[in-house]
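S.K.: I'd like to go over a predicted model; first the sequence, then the structure.
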Amino acid sequence: MASTVHVAIYTYVKVCLMIQNKAVKTKKSEVGKKTYNPSFNESFTFKLPVSGLDTASVNVSLMQHLSGHKDKLLGRIVLGSFMFARGKELDHWNEMIANQRDQVQQWHVLS
């Protein structure tokens with residue numbers, strides 16, 4: 001007789017504004033409860049001077065919360081200038097910079 005163990009999975013997204021690789025502001029999404037396929041539909045806004053854009057990046061991390069344990073990193077991406085990002089992540093950053101008053105959305109593969 002086989003038994004199945006169901007573990008509640010709680011996930012959230014952590015978004016961290018970095019300046020010169022130092023975290024200056026961190027925001028978290030709502031926690032997605034008890035699902036293997038969470039969907040996060042939230043937006044995060046950070047304000048910084050144009051002069052700081054070259055040394056800034058945004059780390060987006062998918063985290064898993066297990067009660068009584070340290071939160072576990074499931075995957076992440078880094079959006080930023082050419083100093084921090086390449087490929088789609090750099091393209092996303094450049095689109096955000098070019099359209100600062102608009103919401104810019106893109107899908108990314110976490111690593």
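M.R.: In hand now; what should we look at?
S.K.: now His92, what's its secondary structure?
M.R.: Using DSSP: H, G, I helix; E, B strand; the rest coil, the structure places His92 in helix.
S.K.: Beta-bridge partners for the closest residue to Gly52 other than its chain neighbours, please?
M.R.: Leaving out its chain neighbours, the residue that sits closest to Gly52 by C-beta to C-beta, 6 or more residues apart in numbering is Ile19, at 6.3 Å. Quick note: C-beta positions are derived from backbone N, CA and C, even for glycine. Taking DSSP bridges, one obtains Lys22, Ala56 as the residues bridged to Ile19.
S.K.: ok, Ile19 touching Ala56?
M.R.: Yes - Ile19 lies in contact with Ala56 (C-beta atoms under 8 Å); the separation is 5.5 Å.
S.K.: Just give me the neighbour total for the closest residue in space to Val31 that isn't next to it in sequence.
M.R.: Spatial nearest neighbour of Val31, chain neighbours left out: Tyr12 (4.8 Å); criterion: C-beta to C-beta, 6+ apart. Around Tyr12 there are 19 other residues, counting by other C-beta atoms under 10 Å.
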